[in-house]
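> Could you look at this predicted model? Sequence included:
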Amino acid sequence: MNNGIPIEYFLVTATLMFFAGVYGFITRKNLITMLMSVELMLNSVNINFVVFNRYLFPGQLEGHFFSLFVIAVAASEAAVAIAIIINIYRNFQSIDVEKTDEMKF
Amino acid sequence: MTSFSFTVLIVLIPLFVFLFVGLLGHKMKPIVSGIIGTSGLAIAAILSYFTAYQYFFNTEKIGGAYQKILAFNTVWLQFTDKLHIDMGVLIDPISVMMLIVITTVSLMVHIYSIGYMKGEKGFARFFAFLSLFSFSMLGLVLATNIFQMYIFWELVGVSSFLLIGFYYTKPSAVSASKKAFIVTRFADLGFLIGILILSFNTGTFDFISLTNVNGAAIATGSGIAFLGLSTMTWSLILVFMGGAGKSAMFPLHIWLPDAMEGPTPVSALIHAATMVVAGVYLVARLFPVYAISAPDGLMVVAYVGSFSSLFAAVIACTQYDIKRVLAYSTMSQIGYMMVALGVSGYGGHEGLGYMASMFHLFTHAMFKALLFLGAGAIIHSVHTNLMTEMGGLRKHLPITHITFLIACLTIAGVPFLSAFFSKDEILTAAYHSNKLIFVVQLFVAGLTAFYMFRLYFRIFWNKDTHYHHTPHEAPLTMTFPLIFLAIASIFSGYIPFSEFVSSDSLPFETEIEWWPIAIPSIIVGLLGISLAYILYKKESTLPHRIASSVKFFYTSAFNKFYFDEIYMFVTKKIIFNYISRPVAWFDRHIVDGFMNSLAWITNVTSVKIKGFQSGQLQQYAFVFISGAILLGILFIYLFSI
């Protein structure tokens, strides 16, 4: 089952993607960008699922299905998140995350 | 055997009237609630008379003795198989007698109150409370066991509290009601402890098995001794403490004079005729136990009664408030009843004192209710309680005058009026048992005649006082009870009481012992009356001069021998300062302080750390992710070892 590309390559790519997502989530102030960072993290996880399935249990399909689920959930999540962001914009006239700080002490 | 199960209605009717008038009274016209209350009591009275007739004349006697009949009984509270508290109706000579006394006086007071309380605020409330009181008092006398009695005992205490404080806008009435409640409640603490010791020793609450002279209950508990008296004696003395509190015996008498702040019909019903004799009734109820297993307890009863009667009679001679004079007179007369119980033996002629006590209770209820209702009629027409502001009222209030005179003659022990017979029996019993008490009681009889006629002459003769409004005779609703009770005061002495009530329920014969009992008592009574006649018939300075010649004694009697002050000193200066204040300090500073410091620490900490909740989403995410990473590193480190 070796098709030439070692598993580490995939894993490193996925890790880089994940931490790129984390970094973006923490540093970006625009809510949409933060949403995109979340998508990035989700997709890195998807890669992990597919890769582990392919390399460790080639005869089975759970990993593939999980990534399909994650894609479906991510799509709906994006819809909900954008709806929330629109509402935040209506309230604050901005989608800057630092301005939405009403839920404090 | 006649069934007596209907007697439970006598108790329940006033309860229903109380609930009905109490809940709906404000929606009715005042007079309607008065009529409902009065007719409820009238039905109860008719049933009581019927009960008495059935019991004394139509019920089979066993061995010539009246039987104790358990007319109704139900387990009210079951703790274990053996320990349960019952509610029921016990019919025996004294409870039937008390039924008559209570329903008669209560009915008269109800009728009287329709006139007396007319136009008062809270008319319906007054009648509701009167019904509550009647219910509790009837439940008390019909109690089948000592615990039921205790429950109703507290209920009469509550009704007394409510009625003394009826004019709740008046501070003096409020404090008087609190005083009455607290003092009697304090005494009831002794009563409760007494009940517990008694029942622990005898294993029963039930009166029938407690007072069965051949039963097991009476024989127990006399063995173990504490401070020279048996446990039984101690428990009975404690029970008597409850009785003394209710019956205003020395030194728990201080609430009774203040209780006169209540409306006068209430004083007549509760603080003269019925509730205050509950203590006497309690001792009478447990009399076989006292007489057989605790004669020392009876000695205490006798001496406390004797001292109280003397003490109260002396104070009564100096008071100016007519209701207070009557209150002290009540205390003195109850002392008589206690003396009679205390000097009595058990069975046959030995039990003369017991019968005399019940007899005096009966006659006293009639004439003292009459005196109070008369006083109420006087106060109603002249709007003052002080006899110094009265005088010459005989012209204005003819009916009240005649009935009041009858009551005064009765209480003074003038021959062939009711109290002559009952007082004579008491003196006879005392004479055959304890000469010292006999002499004291004889002297008190003279004092009684003196202070009652002092009252009478000051009110109805003496100077012709000028009144703002010309006093007018009370309406028929008020004079009818006066006339009825006057007739009862005259003739109730002719009831052959020893035929009905005796310590062992066996009828016995009594006769008047003219010498050395009846004649001295008549002479002493007449002396008292004549002295009062000389001093108070006409306005004179003589009483004043006599008072100033024994100034020290007079002022201390006038100030009730400073007992209120002593109580105040003990409670305020000693108990408040040396016990309550330190305890309160401990509570405020140590207990509360601990709790407060807990709250303070929480508060300070939360102020310090509240900045963590900044509302900045990314800050949270950063902390969360750092935590996750740290945990990840930690787990990798742990599992790689």
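In hand now; what should we look at? Residues are numbered from 1 along each chain as shown, chains lettered A, B, ... in the order given.

> The most centrally placed residue in chain B - nearest residue in space that isn't next to it in sequence?
Central residue of chain B (Cα atoms, centre = their mean): residue B:276, 2.6 Å from the mean position. Spatial nearest neighbour of residue B:276, excluding adjacent residues (Cβ to Cβ, 6 or more residues apart in numbering or on different chains): residue B:247 at 5.2 Å. The way it works is simple: take the backbone N, C-alpha and C, and place the C-beta from them, glycine included.

> what's around the one you found, how many residues?
31 (other Cβ atoms under 10 Å in any protein chain shown).

> about what we covered before: pLDDT score for the residue nearest to the centre of chain B?
Model confidence at residue B:276, given as pLDDT, is 88.

> Same check on residue B:228?
Listed pLDDT for residue B:228 reads 67.

> same thing with residue B:169?
In this model, residue B:169 is scored at 88, pLDDT.

> what about it, distance to chain A?
51 Å (Cβ to the nearest Cβ, to the nearest Å).

> Same check on residue B:194?
Look at residue B:194 and chain A: by Cβ to the nearest Cβ, they are 62 Å apart.

> what secondary structure does that residue sit in?
Under the three-state scheme (DSSP: H, G, I helix; E, B strand; the rest coil), residue B:194 adopts helix.

> pretty sure it contacts residue B:233?
No - using Cβ atoms under 8 Å, residue B:194 is not in contact with residue B:233; the gap is 10.7 Å.

> picking up where we left off before, contact partners for the residue nearest to residue B:276?
The contact partners of residue B:247, taken as Cβ atoms under 8 Å, 6 or more residues apart in numbering or on different chains, are B:276-280, B:334, B:338.

> And the strands in chain B?
Counting by DSSP state E, chain B has strands at residues B:69-78, B:84-91, B:225-226, B:229-230.

> Can I get these in a markdown table including mean neighbour count?
Shown next, in a markdown table, are those (neighbours: other Cβ atoms under 10 Å in any protein chain shown):
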| stretch | mean neighbour count |
| --- | --- |
| strand B:69-78 | 15 |
| strand B:84-91 | 21 |
| strand B:225-226 | 10 |
| strand B:229-230 | 18 |
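
> Out of those, which is closest to chain A?
Of all those, strand B:69-78 sits nearest to chain A, with 54.6 Å by Cβ to the nearest Cβ.

> Surely residue B:197 and residue B:237 touch.
No - Residue B:197 lies out of contact with residue B:237 (Cβ under 8 Å); the separation is 10.1 Å.

> the more surrounded of the two?
Per other Cβ under 10 Å, whichever of residue B:197 and residue B:237 has more neighbours is residue B:237, with 22 against 18.

> Which pLDDT does the model give that one?
88.

> related to what we said a few turns ago, distance to chain A added to the strands of chain B, as a markdown table?
Formatted as a markdown table, these follow (distance: least, Cβ to the nearest Cβ, whole Å):
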| stretch | distance to chain A |
| --- | --- |
| strand B:69-78 | 55 |
| strand B:84-91 | 58 |
| strand B:225-226 | 66 |
| strand B:229-230 | 71 |
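
> Can you lay out those as CSV showing distance to residue B:155?
Output for the strands of chain B, formatted as CSV (distance: least, Cβ to Cβ, whole Å):
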stretch, distance to residue B:155
strand B:69-78, 14
strand B:84-91, 12
strand B:225-226, 32
strand B:229-230, 31
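
> Those: lowest mean pLDDT?
Among these, strand B:225-226 carries the lowest mean pLDDT, at a mean of 66.

> Give the ranges of residues in the stretch 351-500 of chain B that sit below the confidence cut-off.
Applying pLDDT under 70 to the stretch 351-500 of chain B flags residues B:468.

> The residue nearest to residue B:276 and chain A: what is the separation?
On the measure of Cβ to the nearest Cβ, residue B:247 and chain A end up 67 Å apart.

> Can you give me the pLDDT of residue A:32?
According to the per-residue confidence, residue A:32 scores 92 in pLDDT.

> what does residue B:219 give?
pLDDT for residue B:219: 64.

> List, one by one, the residues from chain A near chain B.
Counting by Cβ under 8 Å from any Cβ of the partner chain, the positions of chain A adjacent to chain B are A:22, A:25-27, A:29, A:97-98, A:100-105.

> Find the nearest non-adjacent residue to residue 63, please.
This is for chain A. Distance criterion Cβ to Cβ, 6+ apart; nearest residue to residue A:63, sequence neighbours excluded, is residue A:53 at 2.6 Å.

> Oops, wrong one, chain B.
residue B:506 (7.8 Å).

> Buried residues, the lengthiest helix in chain A. List them.
Looking across chain A with DSSP state H, the single longest helix is helix A:62-92. Using 16 or more other Cβ atoms under 10 Å in any protein chain shown as the test for burial, helix A:62-92 gives A:63, A:66-67, A:70, A:74, A:81, A:85, A:88.

> The residue nearest to residue A:63: what's it in contact with?
Neighbouring residues of residue A:53 by Cβ under 8 Å, 6+ apart: A:60-64.

> mind putting those in a markdown table, distance to residue B:371 included?
Shown next, in a markdown table, are the contacts of residue A:53 (distance: Cβ to Cβ, whole Å):
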| residue | distance to residue B:371 |
| --- | --- |
| A:60 | 108 |
| A:61 | 108 |
| A:62 | 103 |
| A:63 | 106 |
| A:64 | 108 |
